[in-house]
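Student: model the structure of this input:
(chains A and B)
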Amino acid sequence: MKAAPSSSLVYRHNRVTRSTHWINTLALMILFMSGLQIFNAHPYLYWGSTSDPERAFFSIGAAGDEGDPRGYVQLYGGQIDTTGYLGVQQGAFGPSARAFPSWLTIPGYYSLADARRWHFFFGWMFALNGLLYVFYNLAVGHLRKFFFTVSDAKRAPAMVAYYLHLRKQSPQQGEYNPLQKMAYTSVFVILTPLILLSGMAMSPQLDVAFHWLPALFGGRQSARAFHFILAFGFLSFVFGHVFMVLTQGVFNNMRSMTTGWYREKALPEAEPARAPVEPVAAIEQDAAPAVIGESTVLTKQEEETTEAPAPISSNETPSVALPAVEKGENKDEDQS
Amino acid sequence: MKINPELSRRRLILGALNSAALFALSGCQNIFDALSQNQTVQSILTSAESANRRVQRALAGRNKLAQEFSEKYISPTFRANGNPPPITMDYAEDAKNHWSKWRLEVNGLVRQPAHFSLAELESMPSRTQITRHDCVEGWSVIGKWKGVRLEEVINRVQPTASARYVVFHCMDTDGDGNLYYESIDLVDAVHPQTILAYELNDRPLPVDNGAPLRLRVENQLGYKHAKYIHALEFVASLDKLGKGKGGYWEDQGYEWYAGI
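Tutor: The predicted structure is shown next:
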């Protein structure tokens, strides 16, 4: 029997990262679903400033006779039948035209007014939460750890090869691998700014303030189209993110995003222990019992710090060995 | 047997995740529907409205103009939305007679209540602008408008110090007979591009687009641009009008501040 590989707990996510992550999760879900409801009010997309009906490049609609309408999705000249999914929804009173079905929208009943309220409130939440995250983590140096650089770009093909089992050794250096860095960085510097700006470009008052805002996207209707497409960019990131969490150790990843502690495989002896250089500072800040109004979190935090002091202070000391039963159950969890 | 504390915690978290996922799939919609109709939740969500108003107005300033376009950008048809044109006999008859009977009544908290015929409004200094109209539903059209600046009218009737809003009383009704109305505050009312328009694309305002007179308030969404106007009323508060929210659509849950 092979000895269980040694591993250690590292403090990976500071408190601000963890709380903003979950606020962001909620905000993105509500923004996406209320956004689909808003789209339902006019399920067409155009390029340019205006929306001449015959110039829509994308639409979701219903056609055919009233008793048995067919749902369709149209993109430029092509059209596919989406009856049962998009365009038509079966309700208590028979089929009705509805681009995105109730179960995908907030609220589920048709209300553009309510959807807008959800959307704008959580738009502020998303923006302010994101600013808090970025400024805090710039200050403590956390963002640096997964900012995609030229050297990461060079290592990215090797990482792809590693994932495809074409290469044994992971080219990863540091806490995040090149592909993770690429994904996160593109969300930070491309998706997020563009979705905020394209959303703002739809506001008539902000267009008065900044004439360049709709022009940046090629007109207000183009901004609306970009906003829609970028929302699905976020959705695909979320799918990828959740897929990675599910396959790379649900428990370990969920623990690190709730308590901060991530179990990491011990590194080969040749490499000096990658002591959590940055986390020490973060831990000290985080564990300081100065936060008011967070008593439950605080207790949890205290429990964590007393429970697992070894991995923080000493990566040199033998790390915590995993019980065999645990390994058997979750052998995937140390692979990320 | 000693239970591994980490293991039991793991079960707990996994169990919680599992039920959260089920909950999300089956109950998500009901929860958000219930929350959407909860008064407390609504009042929290609407806090974004005043944030939008304050921040956006601070960014735009009071006199900055909405983008104006050249003639070639004018949309082939200016989409008409909302209520059908007024169906009263008077309206139809007056439409045929070039609005000879129609008068714009201006009253409320003003020193000099007045009324204006269409010809009188047309003889006042006018402004012409080619602007983009953005509907709350998401579509946009560009049209060329000519009208009298609302500030001109304001200067003639002289609102009192307590007047804060201009209310637009309209002639069109919904299917239940409720009259359309709208309101803007005096900040937007004196914006250089806020006009009472009587021409669209160099022709008298068509019936579908709000003849004989409609509002253009270019920094706000379409539903603020009241059509078929017959009276302006200056008020200190919107509480006594309709359901008290300041407009026909506002009474149905849309924001009074429609700059977004």
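Student: how about the contacts made by residue B:78?
Tutor: By CB atoms under 8 Å, 6 or more residues apart in numbering or on different chains, residue B:78 lies in contact with B:133, B:141, B:143, B:200-201, B:209. From N, CA and C alone the C-beta is placed, and that goes for glycine too.
Student: weed out the non-buried ones from the residues you listed.
Tutor: B:133, B:141, B:143, B:200-201, B:209 (16 or more other CB atoms under 10 Å in any protein chain shown).
Student: and these, which two are furthest apart?
Tutor: B:133 and B:201 (12.2 Å; CB to CB).
Student: before we move on, the earlier item: among the buried ones among the contacts of residue B:78, which are in reach of chain A?
Tutor: residue B:141 (CB under 8 Å from any CB of the partner chain).
Student: who in the stretch 101-250 of chain A is up against chain B?
Tutor: Counting by CB under 8 Å from any CB, the stretch 101-250 of chain A sits next to chain B at A:102-103, A:106-109, A:111-114, A:116-118, A:120-121, A:123-124, A:202-211, A:214, A:220-221, A:224, A:250.
Student: pLDDT at whichever residue of the stretch 201-336 of chain A sits closest to chain B, what is it?
Tutor: With CB to the nearest CB as the measure, residue A:205 is the residue of the stretch 201-336 of chain A nearest to chain B, at 3.0 Å. What the model reports as pLDDT for residue A:205 is 98.
Student: on that earlier part again, list buried residues within the residues of the stretch 101-250 of chain A next to chain B.
Tutor: Judged by 16+ other CB under 10 Å, buried ones among those: A:102, A:106-108, A:111-114, A:116-118, A:120-121, A:123, A:202-210, A:214, A:220-221, A:224, A:250.
Student: mean confidence score for stretch B:101-118?
Tutor: 97.
Student: do the same with stretch A:61-81
Tutor: According to the model, stretch A:61-81 has a mean pLDDT of 91.
Student: can you list the buried residues in it?
Tutor: Result for stretch A:61-81 [16+ other CB under 10 Å]: buried residues A:61-62, A:69-74.
Student: stretch B:34-43 too?
Tutor: B:35-36, B:41.
Student: list just the nearest of those to chain A.
Tutor: Taking these together and measuring to chain A by CB to the nearest CB, the closest member is residue B:36, at 4.1 Å.
Student: so how far is residue B:178 from the nearest residue to that closest one once chain neighbours are set aside?
Tutor: Distance criterion CB to CB, 6 or more residues apart in numbering or on different chains; nearest residue to residue B:36, sequence neighbours excluded, is residue A:107 at 4.1 Å. Per CB to CB, to the nearest Å, residue A:107 is found 24 Å from residue B:178.
Student: doesn't the residue nearest to residue B:36 fall inside a strand?
Tutor: No: Residue A:107 sits outside any strand when classified using DSSP: H, G, I helix; E, B strand; the rest coil, being coil.
Student: thought residue A:116 was touching it, still the case?
Tutor: No: here residue A:107 does not reach residue A:116: they are 11.1 Å apart, not a contact under CB atoms under 8 Å.
Student: shaky segments in chain A?
Tutor: Scanning chain A for pLDDT under 70 picks out A:1-5, A:266-336.
Student: mind listing the strands for it?
Tutor: A:7-11, A:44-45, A:58-63, A:70-75, A:78-81, A:87-91, A:94-98, A:261-265 (DSSP state E).
Student: buried set for the last one?
Tutor: So the one you mean is strand A:261-265. Buried residues in strand A:261-265 (16+ other CB under 10 Å): A:261-264.
Student: just put those residues in a markdown table and tack on distance to chain B.
Tutor: Compiled in a markdown table, the buried residues of strand A:261-265 are given as follows (distance: CB to the nearest CB, whole Å):
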| residue | distance to chain B |
| --- | --- |
| A:261 | 11 |
| A:262 | 14 |
| A:263 | 10 |
| A:264 | 16 |
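Student: rewinding a little: for the residue of the stretch 201-336 of chain A closest to chain B, which non-adjacent residue is closest in space?
Tutor: residue B:259 (3.0 Å).
Student: in stretch B:84-91, what counts as buried?
Tutor: Those buried within stretch B:84-91 under the rule 16+ other CB under 10 Å are B:85-86, B:91.
Student: measure that stretch end to end?
Tutor: Start and end residues of stretch B:84-91 are separated by 12 Å (CA to CA, to the nearest Å).
Student: can you check stretch A:46-60 too?
Tutor: 13 Å.
Student: next one: stretch B:129-139
Tutor: Across stretch B:129-139, first to last residue, CA to CA, it's 19 Å.
Student: now that stretch: how far from the chain's centre is it?
Tutor: 11 Å (CA atoms, centre = their mean, to the nearest Å).
Student: and for stretch B:121-138?
Tutor: Taking mean C-alpha positions (CA atoms, centre = their mean), stretch B:121-138 and its chain are 14 Å apart.
Student: now residue 46. Nearest residue, chain neighbours left out?
Tutor: Assuming you mean chain A. Nearest one to residue A:46, counting by CB to CB, 6+ apart, is residue A:221 at 4.1 Å.
Student: looking at chain B here, not the other one
Tutor: residue A:117 (6.2 Å).
Student: wouldn't the one you found be in contact with residue B:47 here?
Tutor: No: Residue A:117 lies out of contact with residue B:47 (CB under 8 Å); the separation is 9.9 Å.
Student: any idea how far stretch B:82-90 is from the chain center?
Tutor: 19 Å.
Student: just stretch A:32-45 next, same as before
Tutor: 21 Å.
Student: is it in proximity to chain B?
Tutor: Yes: shown here: stretch A:32-45 in contact with chain B (CB under 8 Å from any CB) through A:33, A:38-39, A:41-42, A:44.
Student: also stretch A:6-23?
Tutor: No: Stretch A:6-23 lies out of reach of chain B by CB under 8 Å from any CB, never closer than 10.4 Å.
Student: can you pull the residues of the stretch 151-260 of chain B lying near chain A?
Tutor: Residues of the stretch 151-260 of chain B lying near chain A (CB under 8 Å from any CB): B:218-221, B:249, B:252-255, B:258-260.
Student: rerun at 10 Å
Tutor: B:188, B:191, B:193, B:217-222, B:224, B:249-250, B:252-255, B:257-260 (CB under 10 Å from any CB of the partner chain).
Student: still on that earlier bit, format the buried residues of stretch B:84-91 as JSON lines; extra columns: secondary structure and pLDDT.
Tutor: Below are the buried residues of stretch B:84-91 laid out as JSON lines (DSSP: H, G, I helix; E, B strand; the rest coil; pLDDT from 0 to 100):
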{"residue": "B:85", "secondary structure": "coil", "pLDDT": "93"}
{"residue": "B:86", "secondary structure": "coil", "pLDDT": "94"}
{"residue": "B:91", "secondary structure": "helix", "pLDDT": "94"}
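Student: in TSV: those residues, plus distance to residue B:52.
Tutor: TSV is the format used below for the buried residues of stretch B:84-91 (distance: CB to CB, whole Å):
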residue	distance to residue B:52
B:85	32
B:86	33
B:91	36
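Student: tally of neighbours for residue A:33?
Tutor: 23 (other CB atoms under 10 Å in any protein chain shown).
Student: distance of it from residue B:199?
Tutor: Residue A:33 is 43 Å from residue B:199, by CB to CB.
Student: ok, now residue A:179?
Tutor: Taking CB to CB, one finds residue A:179 at 59 Å from residue B:199.
Student: residues contacting residue A:63?
Tutor: A:69-72, A:74, A:79, A:81, A:83, A:87-88, A:97 (CB atoms under 10 Å, 6 or more residues apart in numbering or on different chains).
Student: quick check, the residue in chain B closest to chain A?
Tutor: For chain B, CB to the nearest CB, closest residue to chain A: residue B:259, 3.0 Å.
Student: now do the same for that residue: helix, strand or coil?
Tutor: Once three-state DSSP is applied, residue B:259 turns out coil.
Student: state the distance from it to residue B:82.
Tutor: 19 Å.
Student: ok, these two, which is more surrounded?
Tutor: Taking other CB under 10 Å, residue B:259 and residue B:82 do not tie; residue B:259 has more neighbours (24 against 19).
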